[in-house]
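> Below is the sequence, then the predicted model.
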Amino acid sequence: MDLSTTIAGVRFPSCFMNASGALCVTRDELLALGRSHAGAIVTKSMTVEPRDGNPTPRYYAFPGGSINSMGLPNLGYQAYAALIPELKEFGKPVIASVAGLCEDDFPTIAAIINAAKPDLIEVNLSCPNIPGKPQIGYDAEASERLLKRVRKVITVPMGVKLPPYFDPAHHTAMGEVIGRCGVDFLNLINSVGNGLVVDPEREAVVIKPKGGFGGLGGTIIKPVALANVRAFWKIFEGRIPIIGTGGVVHGVDAFEHLLCGASAVQIGTVLVEEGVSVFGRLETELAAQFSKKGYAKLEDCRGKLQEL
């Protein structure tokens, strides 16, 4: 069973990889991903300066998903630039995730990270958990300005990680921006921002930052993720590869993302809960699903979702 995939000309030995933010902050975590069954190593979204992130508790799992307000804890872009050559020795693609606390940070980081030669760079326009900072991805004009600036300094395949959109008008508007900015792949979606989980026993919120508000992940967001994957697949008629992120807990969830048009999937909540052994389980489950359906490779089902 062939679970490999190709995104922007880069071959991935497996279609499963970590979502930026899940067990990928430190060198040890990144090396563990390299040794695992993951099809790629995705770095934490990086900022100019190292960040401890928001106060704890800042992550909480509940039946059906998770809520987090991590606040971009990361080692700073220079540390990741130094790590990239070591990570590439594992022989699988390295995706560097670039963020920033202001627009000017992005090209600064992107230029240095590009020089370190990761296989792909993901520009994160959708970090929802910085107090007082809106998501750039909800501002089409700012997104276009930023993407055109970073495109000038990025020579490897460049992708964009987007927040969830809830209206077809937003899909269309961002589709037009993406079409003008030389984007090579999409990552859909980041966590669904500003959810609130309540512990009725303690009569309290479950995470400390932002009064308990945080980004939702896991099973609960899968329908939103699938809708965004499908919407952008249709806008670009399959021409821009998509990484589907959100709600992948079992192999069949990945299969649903593939049907909607994804070329690969990333996992967050279930990776945090199970650890890197989850990649082997998901591969086994997806292979079983392919076998049941009579598919031999990912391309046999990608984008083949039927409408009634």
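Done, it's in. Numbering: from 1, shown residues only.

> what's residue 161 in contact with, if anything?
By CB atoms under 8 Å, 6 or more residues apart in numbering, residue 161 lies in contact with 20, 45, 97, 122-126, 186-188, 190, 245. Where you see a C-beta, it was placed from the backbone N, CA and C, and this is true even at glycine.

> Please flag which of the residues you listed sit within helices.
Among the contacts of residue 161, none falls in helices (DSSP state H).

> Now the residues you listed in CSV, please, with extra columns for pLDDT and neighbour count.
Output for the contacts of residue 161, formatted as CSV (pLDDT from 0 to 100; neighbours: other CB atoms under 10 Å):
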residue, pLDDT, neighbour count
20, 97, 27
45, 97, 27
97, 98, 26
122, 98, 25
123, 98, 30
124, 97, 26
125, 95, 25
126, 90, 24
186, 98, 29
187, 98, 29
188, 98, 31
190, 96, 29
245, 98, 31
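
> Now, these that are in strands?
Counting by DSSP state E, these place 97, 122, 123, 124, 186, 187, 188, 245 in strands.

> so the last one touches residue 191, yeah?
No: here residue 245 does not reach residue 191: they are 9.0 Å apart, not a contact under CB atoms under 8 Å.

> For those two, list the residues in contact with both.
Counting by CB under 8 Å, 6+ apart, the common neighbours of residue 245 and residue 191 are residue 268.

> Relative to residue 110, how far out is the nearest residue to residue 151 once chain neighbours are set aside?
Among residues not flanking residue 151 along the chain, residue 182 sits closest, at 4.9 Å (CB to CB, 6 or more residues apart in numbering). Note on residue 182: its distance to residue 110, by CB to CB, to the nearest Å, is 13 Å.

> Which one of these two is surrounded by more residues?
Under the criterion of other CB atoms under 10 Å, the comparison of residue 182 against residue 110 puts residue 110 first, with 24 against 13.

> I'd like the secondary structure assignment at the spatially closest residue to the more buried one that is not a sequence neighbour, please.
Computed as CB to CB, 6+ apart, the closest residue to residue 110 that is not its neighbour in sequence is residue 150, at 4.5 Å. Three-state call for residue 150 (DSSP: H, G, I helix; E, B strand; the rest coil): helix.

> I'd like the distance between residue 150 and residue 111.
Distance from residue 150 to residue 111, by CB to CB: 9 Å.

> Comparing those two, which residue is more hemmed in?
Using other CB under 10 Å, the more surrounded residue of residue 150 and residue 111 is residue 150, with 24 against 14.

> For the protein, which helix extends over the most residues?
helix 278-293.

> Can you name every helix or strand that that one contacts?
In terms of contacts (3 or more CB pairs under 8 Å, 6 or more residues apart in numbering; DSSP states H and E), helix 278-293 is packed against strand 16-18, helix 251-260, helix 269-274.

> Could you dump those into JSON lines and include mean pLDDT, mean neighbour count and distance to residue 221?
As requested, these are exported to JSON lines (pLDDT from 0 to 100; neighbours: other CB atoms under 10 Å; distance: least, CB to CB, whole Å):
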{"stretch": "strand 16-18", "mean pLDDT": "98", "mean neighbour count": "29", "distance to residue 221": "17"}
{"stretch": "helix 251-260", "mean pLDDT": "98", "mean neighbour count": "23", "distance to residue 221": "11"}
{"stretch": "helix 269-274", "mean pLDDT": "98", "mean neighbour count": "21", "distance to residue 221": "9"}
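
> so can I have TSV of the ones you listed showing distance to residue 229?
Output for the helices and strands packed on helix 278-293, formatted as TSV (distance: least, CB to CB, whole Å):
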stretch	distance to residue 229
strand 16-18	15
helix 251-260	4
helix 269-274	17
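
> Hmm, residue 266 is touching residue 243, no?
Yes: Residue 266 is within contact range of residue 243, at 5.7 Å (criterion: CB under 8 Å).

> want to throw the ones in strands among the contacts of residue 161 into a markdown table with distance to residue 165?
Shown next, in a markdown table, are those (distance: CB to CB, whole Å):
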| residue | distance to residue 165 |
| --- | --- |
| 97 | 20 |
| 122 | 18 |
| 123 | 17 |
| 124 | 16 |
| 186 | 12 |
| 187 | 13 |
| 188 | 9 |
| 245 | 14 |
